[in-house]
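Participant: sharing a model that was predicted from the sequence below.
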Amino acid sequence: MPLVSVRDLKRHYDIRLTGGLFGRRAKLKAVDGVSFDLKMGETLGLVGESGCGKSTTAKLVLGLIPATSGTVSFDGSAVTAAHDAQWRHMRRRMQMIYQDPLGALDRRLPVSAQIGEPIAVHEPHVPADEREARVGEIMTSVGLRADQAASYPHELSGGQRQRVVIARALALQPDFIVCDEPVSALDVSIQAQVLNLLEDLKERNGFTSLFISHDLKVVRQMSDRVAVMYLGMIVEEGPPEDVFHAPMHPYTQALVSAIPTPSRRGKRERIVLEGDPPNPVNKPSGCPFHPRCPSAMSECREFQPMLASHGSRKVACHLRPAPSAGLIAAE
Amino acid sequence: MFAYILNRVARAVLTLIIIVSLAFVILRMSGDPAIMILGPEAPPQAVEAFRKAWGLDQPIWVQYAKYFGAVIQGDLGNSMRDGRAALEVVWERVPLTLAITVPALLLNILIGLPAGVLAALFRNTAYDRLIMMVSVIGFTVPSFVMGLTLSLLLAVWLRLLPSGGSGTVAHAVLPVVTMGIIGAAVIARFTRSAMLEVLGQPYIRTASAKGVPWSQVITRHALANAAIPTMTIIGFMVGSLVAGAVVVESVFSWPGVGRLLVTAVANRDLAVVQVILLLIGFTMVAANLAVDLLYGWVDPRMRTKTATAGA
Amino acid sequence: MSVVSEPLLTIKNLTVEFDQGAHFVRALHGVDFVIERGQSIGIVGESGCGKSITWLAALGLLGSKARTGGSVRLDGQEILNCSDRALAHLRGSRIAMIFQDPASSLNPVHRIGRQIGEALRLHRGLTGAAAKAEATRLLDRVGMSNPAQRLNEYPHELSGGMNQRVMIAMALAGEPDLLIADEPTTALDATIQAQILELLNNLRRENDMGLVLISHDLGVVADMAERVAVMYCGRVVEESQVDRLFDAPRHPYTRGLMAALPDIDGPKRRLKAIPGMVPPPRNLPTGCTFAPRCDHATEACASRVPGLRPAGAPRHRAACFHLEDLPGGSRQPASPAQQPVQETV
């Protein structure tokens, strides 16, 4: 049984656009039918450009915001946004690591207090000295020095702050961690430190994670499986080596070809997509990618393709219709 | 746009109703106009007759309903003091107040805006520090202290100007200068911080990088953006053109609306107080609306934002 | 070879210090660059390494809190610390610049047409219908649909990628010889980044325009530049032709950056992080500023600052005492680097 199971998850917002007397009503489909499973100990990478719904998906999975429809289950029980005792009980096993460590930390509290806070909240029976000892252990495990316990967030560097955020997420030894762009704000050399740290911690503690990033290289490094999102939907899913080295969906192909990397310098044909980034307010009919797709056909405008299995992965594209037929078409 | 203005006007009317209602209750509860106007030694019959004549013997909610009914029909009531229409009593004082507040506002803007802009441009220089020091004095010292100090200096010691009263232009100088200094200090400070904020924005660097000379970077790029927050505070000052002079008029015995308000409140002359409050409320609301419309004109982002409601 | 004509831009021993009230903090410790006409040069480094400051200083855009020293010559003419009037004349017409966050780099209260028109008026004397026609042409050139209509729009009505196109159109308005692009795609999504990089590449080729591409992203620089300079703590630590730099990096910091970067191709490997962190400018270690994070550091590294010196290939230089001892070091007789070498190109 998967630890986390997400079925047809949707999150729509009612918004008003300008125009007319009182503005036009419109629907913003941030997440529009996402399904995936996470096995125990597995890391699923979620990639996509801004507005594709990857961060909204993270919040929905943790029950931080209510879903419009669809279900999330964690270890067999449903995750809802009703923040009741059951949710709080589940929440201590599910933690989140945010992109902006300074924003995620309280400026007025020393970092040790912030790392110990989840213990104080969820395990109030733990005596203070034992809590401190545990905080010290966690700090060591994420590479923070004991003498930094009394520091305030602004006294630490960006990388150290991200370690504090990670330490806080690990304080209760969660089974499931959602990492939302955990290294985007960090410089390359520090980014590697934090990625290695996450890998080591996972090795040691064996948690399951949902790893969200716009950076395909980082996602490949961290994930057992990746899902590519476009306009609130998963368009391709599978092992990173397959998805990134032989992408099947035209959007994934463009995305992969757009990655600038020293090793590919001068050796590749970049697929440059036409047009602006997609807007979840005016989601196109049919396949959401069809207005920018270089190989769009007439049926792409009318029918939304479903995620279909192709061996180790799933693709939602009319160019890859029946299972296994896609393999022949692959270049 | 029309719907937007309609919405704003509706809210303004509601605000005015609340102001008038609160004033009615507070003034009625806090003292008896009959005693205030006729004096404590007045014979009981006279007091009774006064009360009956003005409807003060009825329950307060009946008085309130009657007053409101009259207001809706355009009758703002009469002054209990001399029986003239309250509107007329107030209206004849308005020009006198405007005679000092309008010049003061001009002074505020003409001194405050350039001082603030220059302080921002010469940030952390002696010039900046001087302006900000004067500005701090300007708006931390209460207006009556400022007024009395200027009066002491220019009227009592140097004998250049009359210390109070009205009638000549010279009489208006001290009130105008007092309000001018205070308002200019406030505007200078706002303008300076708005300007500093704008000067730190990336588009200012872009303008420089594309070869716009610094003077034009200021005039063409920085000022329009800094004007947006500054407009709020100037709008507030325009809104208080009628009522902004309560303290200063009292200090300099200037017979304007402000002074009338003080005496009317002391006498519980309800109708007059209400008219003044309505007038104040009306100018405030009108100024606010004007500022909002001006926002839309200066800041293109506002034009689209007003209708966008987040989810 | 280029004895006759001066290089387009020559930066020599450029230093920048910032007034911190009580004292000055040096952010740039003497950097040299030479840019030929039509050449593209990439500047990489982590935040705080001085990669943007160099070019802002060269154009006098750092404001009154910065003190600059050294020399910046455009066509042989000294422009560093020139009068603001003289610099304003160069900016946009000879050297144009675009920035990281296109949305906030455009004036929010002016229409697109007015912002481009301003550059056309300043540098080419175009006004009215002529300016409008040229602005339309420029927007079309940078790949915007409905260019004539866009002139009447405001920046907040456009997407980030579109705003960056407007910035590029504005930069092209003065027909500059050199475009400095400071992290031009960092705020943009991957597919939009690809569009903008492609556009910059095409424009450079067509207009024979020099390009300075400042980026923290090794991949972007590898894609776009002919020459690359790696900066660390306010100094250039390595510079070379792009292929050589990525095939055979010599400086331990450059190597560290590459080992720390995850890749999309090849076998998945554990990243090799550079230990420690970038020291703050006010608190630099003595000697080689990278030494405290370097596997190869010796006592000598802490005593003196290494200068740039030949690193085994033509026009490849690195600032490290241990170039010869590093794996893959050049076998040719190396000059025993006794002095911090101040080389000139």
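Facilitator: Done, it's in. Being a predicted model, the structure only gives us computed values, none of them experimental. Residues are numbered from 1 along each chain as shown, chains lettered A, B, ... in the order given.
Participant: element containing residue 103, please.
Facilitator: Using chain A here. Assigning secondary structure by DSSP states H and E places A:G103 in helix A:101-104.
Participant: wrong one, I was asking about chain C
Facilitator: Per DSSP H and E, C:A103 falls inside helix C:102-105.
Participant: let me know whether that helix sits next to chain A.
Facilitator: No: using CB under 8 Å from any CB of the partner chain, helix C:102-105 stays clear of chain A, with a minimum separation of 12.6 Å. Placement of C-beta: from N, CA and C, glycine included.
Participant: ok so, going back, got the contact list for the helix holding A:G103?
Facilitator: Helix A:101-104 is contacted from outside by A:Y98, A:P153, A:H154, A:G158, A:R161, A:Q162, A:V164, A:V165, A:A185, using CB atoms under 8 Å, 6 or more residues apart in numbering or on different chains.
Participant: likewise for stretch A:39-46?
Facilitator: By CB under 8 Å, 6+ apart, stretch A:39-46 touches A:2-3, A:36, A:38, A:54, A:57-58, A:175, A:202, A:206-213, A:219-220, A:222-227, A:229, A:240.
Participant: and it, average pLDDT?
Facilitator: For stretch A:39-46, the mean per-residue pLDDT is 95.
Participant: how long is that stretch end to end?
Facilitator: Start and end residues of stretch A:39-46 are separated by 15 Å (CA to CA, to the nearest Å).
Participant: which element, helix or strand, includes the residue in the stretch 151-300 of chain C positioned nearest to chain A?
Facilitator: With CB to the nearest CB as the measure, C:G219 is the residue of the stretch 151-300 of chain C nearest to chain A, at 3.2 Å. Per DSSP H and E: C:G219 is located in helix C:218-224.
Participant: and that helix, what does it pack against?
Facilitator: The contact analysis (3 or more CB pairs under 8 Å, 6 or more residues apart in numbering or on different chains; DSSP states H and E) places helix C:218-224 against strand C:40-44, helix C:190-207, strand C:210-215, helix C:242-247.
Participant: could you redo the last one with a cut-off of 6 Å?
Facilitator: Contact analysis of helix C:218-224 by 3 or more CB pairs under 6 Å, 6 or more residues apart in numbering or on different chains; DSSP states H and E lists strand C:40-44 as its packing neighbours.
Participant: do any residues in the next helix or strand after the strand it packs on lie close to chain A?
Facilitator: Where DSSP H and E defines the elements, the next helix or strand beyond strand C:40-44 is helix C:51-58. No: Helix C:51-58 is not in contact with chain A by CB under 6 Å from any CB of the partner chain; minimum separation 11.9 Å.
Participant: can you pull the contacts of B:I131?
Facilitator: By CB atoms under 6 Å, 6 or more residues apart in numbering or on different chains, B:I131 lies in contact with B:A115, B:A119.
Participant: 10 Å instead, please
Facilitator: Shown in contact with B:I131 (CB atoms under 10 Å, 6 or more residues apart in numbering or on different chains): B:P114, B:A115, B:G116, B:L118, B:A119, B:A120, B:F122, B:T125, B:A185, B:A188, B:R189, B:R192.
Participant: that older thread, buried stuff in the helix holding A:G103?
Facilitator: A:P101, A:A104 (16 or more other CB atoms under 10 Å in any protein chain shown).
Participant: just the CA trace of the helix holding C:A103, in PDB.
Facilitator: Below are the C-alpha coordinates for helix C:102-105, written out as PDB (Å, rounded to 0.1, in the frame of the first residue of the first chain):
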ATOM      1  CA  PRO C 102      12.300  42.900 -15.900                       C
ATOM      2  CA  ALA C 103       8.900  43.700 -14.300                       C
ATOM      3  CA  SER C 104      10.400  46.000 -11.700                       C
ATOM      4  CA  SER C 105      13.100  47.300 -14.000                       C
END
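Participant: that helix packs against which elements?
Facilitator: Applying 3 or more CB pairs under 10 Å, 6 or more residues apart in numbering or on different chains; DSSP states H and E, one finds that helix C:102-105 contacts helix B:202-209, helix C:160-173.
Participant: any chance of these in TSV, with mean neighbour count and mean pLDDT too?
Facilitator: Listed next are these as TSV, based on neighbours: other CB atoms under 10 Å in any protein chain shown; pLDDT from 0 to 100:
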stretch	mean neighbour count	mean pLDDT
helix B:202-209	23	94
helix C:160-173	25	93
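Participant: one step back: drop anything exposed from the contacts of B:I131.
Facilitator: For the contacts of B:I131, buried by 16+ other CB under 10 Å: B:A115, B:G116, B:L118, B:A119, B:A120, B:A185, B:A188, B:R189, B:R192.
Participant: now the two most distant members of those.
Facilitator: B:A120 and B:A185 (15.2 Å; CB to CB).
Participant: just the buried ones from the contacts of stretch A:39-46, in PyMOL syntax?
Facilitator: In PyMOL syntax, the buried subset of the contacts of stretch A:39-46 is picked out as below (16+ other CB under 10 Å):
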select buried, chain A and resi 2+3+36+38+54+57+58+175+202+207+208+209+210+211+212+213+219+220+222+223+224+225+226+227+229+240
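Participant: of all residues in the stretch 201-311 of chain B, which one is closest to chain C?
Facilitator: Counting by CB to the nearest CB, the stretch 201-311 of chain B gets nearest to chain C through B:G211 (3.2 Å).
Participant: for that residue, phi and psi?
Facilitator: phi 100, psi 10 (degrees, to the nearest 10).
Participant: skipping adjacent residues, who's closest to it in space?
Facilitator: C:G92 (3.2 Å; CB to CB, 6 or more residues apart in numbering or on different chains).
Participant: now that neighbour: how far from chain A?
Facilitator: Distance from C:G92 to chain A, counting by CB to the nearest CB, to the nearest Å: 27 Å.
Participant: tell me the contacts of that residue?
Facilitator: Counting by CB under 10 Å, 6+ apart, C:G92 has contacts B:206-212, C:59, C:118-119, C:122-123, C:170-171, C:173-176.
Participant: hey, what's the residue in chain A positioned nearest to chain B bridged with?
Facilitator: Nearest to chain B in chain A, going by CB to the nearest CB, is A:Y13, at a distance of 3.5 Å. Beta-bridge partners recorded for A:Y13 (DSSP bridges): A:L28.
Participant: check the gap between it and A:V6 for me.
Facilitator: 19 Å (CB to CB, to the nearest Å).
Participant: the two: which is more packed in?
Facilitator: A:V6 (25 against 15; other CB atoms under 10 Å in any protein chain shown).
Participant: what helix or strand does that one sit in?
Facilitator: Counting by DSSP H and E, A:V6 is part of strand A:4-17.
Participant: of the contacts of stretch A:39-46, which belong to helices?
Facilitator: Members of these lying in helices (criterion: DSSP state H): A:K54, A:T57, A:A58, A:K202, A:V219, A:R220, A:M222, A:P240.
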